[in-house]
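K.L.:
only geometry, no sequence info:
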């Protein structure tokens, strides 16, 4: 989930969609992750709620990243690569270490296996970094072809390493975003028939996800196509909505909510479990949810002071000056 510098005309709707996606991810985690401390937050209708959203949370983030790739590729290669090191690899390392020392037991930070897939939620950053490293291939290979390579390869090779499966599966959505970028304006100008058709298809696939007939997971390569109608519907709808300042704020700094929420969430869950206080599940979840969202939001509002947790505080210009031999005086 790389952060881009503000453009001349910022696409606020894109910030809002990114904010919505990362909040939904944190919301989902607030029910799942605390289970390791004995909490059970099951409720009636949970499978309907989370199952219907499953095809859109992570795919939406990937598609939005892909939509912004082409302007990034116009930069010099060292600037492009340093941006990914600064805004993806750096928070991956920082929050991977913080996750290990705060909420994951008995982890060897010098064990490469800990870092290969990414601890807990950070697998997403590992996949995103890998996708950005191969993304310059779009100069030579159509993005739509690169998108199809992932699920088709998974169909052909079957069982394989989890890291490879995740990369091949989720890269589909990134390159779909890249392929869609030149046609985005045309898509958003389509008539009302488009959201009706895409919305109806999205409801069908959401129901298929709820019933587990279709799963948008790396073990089911063809599941990638189930997300497309809903994503197309959101991309058509979002520019027509009124400004949503809160979602825009979260979306502009989506890396903050994404990286920080499990740490505060699981620290709160561990503390509640250690106190051995019997509370109604709804109350326990509410307490954990306050920390799940409260801590990342504090960091978001204080971003200008805390940015070094999410961006490497070294600019490419500083590196160029460091490695450029000064000209001798005449």
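P.N.:
Everything's here; your move. Note that the coordinates shown come from a computational prediction; the quantities given were computed from them, not determined experimentally.

K.L.:
Now do the contacts for the closest residue to residue 67 other than its chain neighbours.
P.N.:
Once flanking residues are discounted, residue 67 sits nearest to residue 177: 4.5 Å by CB to CB, 6 or more residues apart in numbering. All C-beta atoms are positioned from the backbone trio N, CA, C, and that covers glycine. Counting by CB atoms under 8 Å, 6 or more residues apart in numbering, residue 177 touches 62, 63, 64, 65, 66, 67, 69.

K.L.:
which residues touch stretch 250-262?
P.N.:
The contact list for stretch 250-262 (CB under 8 Å, 6+ apart) reads 1-3, 14-23, 25-26, 29-30, 33, 61, 87, 91, 94-95, 99, 103, 120-122, 124-125, 292-293, 295-297, 299-300, 303, 309-310.

K.L.:
Cross those residues against strands and list the overlap.
P.N.:
Assignment to strands by DSSP state E places none of the contacts of stretch 250-262 there.

K.L.:
how near is the residue nearest to residue 67 to residue 161?
P.N.:
25 Å (CB to CB, to the nearest Å).

K.L.:
Equivalent analysis for residue 54, please.
P.N.:
Taking CB to CB, one finds residue 54 at 23 Å from residue 161.

K.L.:
what's the answer for residue 52, then?
P.N.:
Taking CB to CB, one finds residue 52 at 30 Å from residue 161.

K.L.:
These two: which has the busier surroundings?
P.N.:
residue 52 (18 against 10; other CB atoms under 10 Å).

K.L.:
how far does the regular element (helix or strand) spanning that one sit from the chain's center?
P.N.:
Assigned by DSSP states H and E, residue 52 belongs to helix 46-53. Between the centre of helix 46-53 and the centre of its host chain there is 19 Å, according to CA atoms, centre = their mean, to the nearest Å.

K.L.:
what's it in contact with?
P.N.:
With CB under 8 Å, 6+ apart as the criterion, helix 46-53 contacts 24, 28, 31, 206, 207, 209, 210, 211, 212.

K.L.:
Which of those residues has the largest number of neighbours?
P.N.:
residue 209 (26 neighbours).

K.L.:
Contacts only, for that one.
P.N.:
51, 52, 54, 55, 215, 216, 226.

K.L.:
Nearest to residue 265 among these?
P.N.:
Distance to residue 265, by CB to CB, is smallest for residue 54 among the contacts of residue 209, at 19.5 Å.

K.L.:
ok, now how distant is the closest one from residue 28?
P.N.:
From residue 54 to residue 28 the distance is 8 Å (CB to CB).

K.L.:
shared neighbours, the two?
P.N.:
Counting by CB under 8 Å, 6+ apart, nothing touches both residue 54 and residue 28.
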